[in-house]
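Chemist: For reference, the sequence and a predicted model appear below.
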Amino acid sequence: MKKTTLLKKMISERNALVVPGAYDALSAILIEKTGFKALQVSGFGISGSFLGKPDVGLLTFTEMLVMTKNIVKSVDIPVMADGDTGFGNAINLIRTVEESESIGCAGINLEDQTFPKRCGHLEGKSLISIEEMVLKIKAAVNTKKDPDFVINARTDAISVFGIDEAIKRGNAYAEAGADLIFLEAISGRGDIEKAVKEIKAPISINLFDAIGGGKTKLISLEELRNLGVARVSVPVGTIFAAAKGIKTYLEKLFEKGILPDSKELAMTFDEWKTLLEVDKIYRFERKYLPGN
């Protein structure tokens, strides 16, 4: 089954498909090996890891595309691209969709913020009109070559105008051809239940996991499945976990010097070789290099 078809099928089941955020190839490999069935490229994570900057629209399309291509090539599960706002108007968005589909993404997020955008859980967001976003969604739908390539229309209307405007926009985007409606920064169970009932398309929400700090109150996956949520994005947990782990390791190294036994802080070399399949390289060397 094509990855696009598989992703669309899992979304249509409305069973709270959990998609952790990947910010590079290594995080993507770990997501897949843990057992998750799909992943989301995290622009938040890439901005932090690649630029060392917050997610306030500083990443260029080319930078995002290069990192996304590495992520897609590193795993066999469906990958949804982070298309931000399409990196401009509808004409820019057309290229964003074309290139994202061409590198093997199974779908793409597209936002109704003004450009440049910012993380959905930060203050100071502004939105384009419904009419403009509807035309951008239509441009995306008409651009994709694979009918199963998932167009995930994200609205940030909740924190700017409230849940009713978000539902209005969600239905307009669904009517324009979006396969999935992503309600960013939704507040809690009541609004999720209202949105699932009133929006005529599968719904995706965004959780900040155990780290907290986001605008959405944490709800169990079982409850989200019972509500009929289609997809649950957990976009920033991986980069926060990596940053915390590296910080802890470096503090111990700084405090104590070389750490002869730090298995509780880091992978062993053997674990690392297994993760990145070094044995496969050895097999290729024996097969294709002279004298091996």
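Modeler: Looks like it arrived, so ask away. Residues are numbered from 1 along each chain as shown.

Chemist: residue ranges with poor pLDDT in the stretch 1-150 of the chain?
Modeler: Where the stretch 1-150 of the chain drops to pLDDT under 70, the residues are 118-122, 124.

Chemist: again, 90 this time
Modeler: For the stretch 1-150 of the chain, the stretches flagged by pLDDT under 90 are 56-57, 115-125.

Chemist: contacts for the host helix or strand of residue 274?
Modeler: Here residue 274, judged by DSSP states H and E, is contained in helix 269-275. The contact list for helix 269-275 (C-beta atoms under 8 Å, 6 or more residues apart in numbering) reads 29-30, 33, 267, 279. For glycine as for every other residue, the C-beta is placed from the backbone atoms N, C-alpha and C.

Chemist: Ok, stretch 55-62 next?
Modeler: 43-44, 46-48, 50-51, 84, 87, 92, 95-96, 99, 115-119, 122.

Chemist: if we go to 7 Å?
Modeler: Contact partners of stretch 55-62, identified using C-beta atoms under 7 Å, 6 or more residues apart in numbering, comprise 43-44, 46-47, 51, 87, 96, 115-119.

Chemist: how about it: buried residues?
Modeler: Residues of stretch 55-62 classed as buried by neighbour count (16 or more other C-beta atoms under 10 Å): 55, 57, 59, 61.

Chemist: Generate JSON lines for those, with secondary structure and distance to residue 223 as supplementary columns.
Modeler: Formatted as JSON lines, those follow (DSSP: H, G, I helix; E, B strand; the rest coil; distance: C-beta to C-beta, whole Å):
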{"residue": "55", "secondary structure": "coil", "distance to residue 223": "28"}
{"residue": "57", "secondary structure": "coil", "distance to residue 223": "33"}
{"residue": "59", "secondary structure": "coil", "distance to residue 223": "34"}
{"residue": "61", "secondary structure": "helix", "distance to residue 223": "37"}
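
Chemist: biggest separation within these, which pair?
Modeler: Taking C-beta to C-beta as the measure, the buried residues of stretch 55-62 span a maximum distance of 14.9 Å, between 55 and 61.

Chemist: now the helices for the stretch 151-292 of the chain?
Modeler: Secondary structure of the stretch 151-292 of the chain (DSSP state H, counting those that start in this stretch): helices located at 157-160, 163-175, 189-198, 221-227, 237-256, 269-275, 278-288.

Chemist: What helices and strands are in contact with the fifth one?
Modeler: With contacts defined as 3 or more C-beta pairs under 7 Å, 6 or more residues apart in numbering; DSSP states H and E, helix 237-256 has these neighbours: strand 17-22.

Chemist: Show me this protein divided up by domain.
Modeler: Listed domain ranges for the chain are 3-242, 261-292 (source: automatic domain parsing).

Chemist: Those: which one's closest to residue 253?
Modeler: Nearest of these to residue 253, taken as C-beta to C-beta: domain 261-292 at 8.4 Å.

Chemist: so how far is the first residue of the closest one from its last?
Modeler: End-to-end span of domain 261-292 (C-alpha to C-alpha, to the nearest Å): 35 Å.

Chemist: Off-centre distance for it?
Modeler: 29 Å (C-alpha atoms, centre = their mean, to the nearest Å).

Chemist: what is the mean pLDDT for that domain?
Modeler: Mean pLDDT, computed over domain 261-292, is 91.
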